[in-house]
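> no FASTA, just this:
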């Protein structure tokens, strides 16, 4: 990548900024410089103060002390509108667009070109937006309604909107968390074109491989404080993780030498027309099997069908040698299968309910004394599993919604481990959680596998699958298209199978 | 945190019950006499009974608007069969059978066809009331054996406690134990707060909901039997409009219309509050129309207030979150 353009003056300089909310010091003495044409990664665990930092740049919060300069001039934002006017645009993880309006209307919202009588001049509007989109190298119809666009496309609409406002500082908050690999690749292409136009892009992400591939400089934060900044060349993964976490994590992907036992999960000919076809595989005790593929390849659907919560037309599921009939969550759970679902907030947790109640939800009937719930057993069970997973919470009677993403995921894991499963399917177990919690989830899964659990791991995070799984099954368009052993496993090998390309193609995104 | 908020709500309702009693005493010196209180509580025993099962149904984020119509249908069936010469125990059993079936029909439409319970039970509200008229027409069946009517308007021997209220007390305790002490009760809260997550935890959401609608039908049958004997009269239009009071009591008791929050204590307190307010207004000869208006206002108030409180709370939390999360 290009040299850090330190010779040119920075577009934005924030120096020694602090922010307290009441007694809580959210930020202290944080500094950053953003140069034209650079992609700058802002790294830190959840709770490190990144969001507060972004909100100060966005004019949502006001800093208590420190200085901000934008384009060489002192800036004091009193509202988000002032930040926008100064050329700062924020692209949030979940775009906030009007779903029933067109792409063009969303881009130019409130600034639509007018024809006579105050009517919106649709032709001009579409032309303007088409021009912005083509400059970005994006193939999107300006007349299309936003409803039904993928998150990736919606982000591009947001970026187009930022450009139409002449923003030259773009802040992206975990833009790739919900994107597929090809969508991520396309986003970075857009980012490169933004950089070529002299804009600065600040990235917040948990995916370190993206940082090393796409960013020129990094700033690392921990506990609301600035830790270090510098060109990416001065960093490696170990250093970044060490600085973010403030301690050594050991290996990011623990390799327990697994003793493979008998087949714990066996799936034969699982078919649901239009969703997945003829899925057959086995997972042995002590084994972690990865299930990779692009988003939409049908991985989660297969997992849900195995668990019995989604329908399947044909095929059988055996757990520990017993065919499960009928295939329902009740029979699969009784047979010793658990599913940590993809969507933590919707499927994994009852957010308003306490941590304890959530942790006990799958084994209510085992925590009884006669007809009544045994309150001591309830408290014991929840405490035992949350302690084992090192959950960080004030009190187990707090609602699950009060926890950070990583800790929420631990509660979901606790709920399933409490059922004492022999097979655990985990669907995107570390999506959107920070590096520290991620490493703990990985360690937990390896330990469980080492003690004889069979794990099927669905993940869009390829380094994670490669690091954790003994072998990797790959799905494409509803079919199992191959298996890669750990020895042969590489991101490329998996991606070729997942995309159906057997040769490297330029611009394969 | 939330639990404390709820307890606060229930406590306020209980305090209001005493305020209402005090207010009633100011309105009329006869208000706080044992005989008036006995009459007054007996007067809302059907609403009280049905509010117990309604609590469970609203907790799982469903609703049953057909309860009063099932009551009327069961009352009509009871009367018609008795008039046709059936022995009373069999006629009562048949009424319960009809109530259970009516609830099952509601439940099947909601759980198997996935229809919203609001729409389904508005439909069956009309349907069951219509069936009651089919069964009994405009007739009123009276002349029930004294043994049964005594059960309806009598008191526990040696006390002024009406028998239907004693029945309510027993069932309220049972409902409270089931809701707050059993695995079934735990699952109701989970289903009401997030049905999808409840399914993913292996809870049998469909079966639970179906059983609640059947239970609601059976409770309406019980309320219908009580009503018939208390007034010694079986008519197709018995207890018309009672669903409004039932739902008002449950919501005023702090059960969230969106499901997942509430308690039996709250419902019981609110039943008494509404009953006492109605009783106090009746004693000063306020018309029925005004009573309906009061019930309606209480209903709106009890939905509105938690929402306002939640909005205040979430605004406060949002401010707090700005601190904690970065």
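Good, I have the coordinates. Being a predicted model, the structure only gives us computed values, none of them experimental.
> where does the prediction get shaky in the chain?
Picking chain A for this. Along chain A, segments meeting pLDDT under 70 span A:1-7, A:22-24, A:46-47, A:246-258, A:501-509.
> chain B was what I was after
In chain B, residues with pLDDT under 70: B:1-7, B:317-326.
> wasn't residue B:238 part of a helix?
No. Checked against DSSP: H, G, I helix; E, B strand; the rest coil, residue B:238 lies outside a helix; its state is coil.
> give the contact list for it.
Applying Cβ atoms under 8 Å, 6 or more residues apart in numbering or on different chains, we find residue B:238 in contact with B:71-72, B:75-76, B:132, B:224, B:227-228, B:231. (Glycine included, C-beta is placed from N, CA and C.)
> can you give me the distance of it to chain A?
Using Cβ to the nearest Cβ, to the nearest Å, residue B:238 is found at 35 Å from chain A.
> nearest spatial neighbour of the residue nearest the centre of chain B, skipping sequence neighbours?
Nearest to the mean C-alpha position of chain B, by Cα atoms, centre = their mean, lies residue B:51 at 1.7 Å. Excluding its sequence neighbours, the residue lying closest to residue B:51 (Cβ to Cβ, 6 or more residues apart in numbering or on different chains) is residue B:249, at 4.5 Å.
> follow-up on the earlier one: so the residue nearest to the centre of chain B touches residue B:271, yeah?
Yes. The criterion here is Cβ atoms under 8 Å, and residue B:51 meets it with residue B:271 at 5.3 Å.
> and residue A:362, helix, strand or coil?
Per three-state DSSP, residue A:362 ends up helix.
> got it, and residue A:266?
At residue A:266 the chain is in strand, as set by three-state DSSP.
> hang on, isn't the residue nearest to residue B:51 packed against residue B:274?
Yes. At 5.3 Å, residue B:249 and residue B:274 qualify as touching, with contact defined as Cβ under 8 Å.
> quick one: which of those two has more around it?
Set side by side, residue B:249 and residue B:274 show more neighbours around residue B:249, with 33 against 28, by other Cβ atoms under 10 Å in any protein chain shown.
> part of a helix, is the more buried one?
Yes. Counting by three-state DSSP, residue B:249 is part of a helix.
> residues in contact with it?
So residue B:249 contacts B:47-48, B:51, B:54, B:267, B:270-271, B:273-274 (Cβ under 8 Å, 6+ apart).
> tell me which of the residues you listed fall in strands.
Of the contacts of residue B:249, none are assigned to strands by DSSP state E.
> and of the residues you listed, the nearest to chain A?
Lowest distance from chain A to the contacts of residue B:249 (Cβ to the nearest Cβ) belongs to residue B:267, with 19.5 Å.
> that closest one: what's it in contact with?
Residue B:267 is in contact with B:51-52, B:54-55, B:249-250, B:253-255, counting by Cβ under 8 Å, 6+ apart.
> ok, residue 88 - contacts?
By default, I'm working from chain A. Residue A:88 makes contact with A:12, A:57-59, A:70, A:167, A:169, A:171, according to Cβ under 8 Å, 6+ apart.
> to clarify, I was referring to chain B.
Per Cβ under 8 Å, 6+ apart, neighbours of residue B:88: B:82, B:144-145, B:148.
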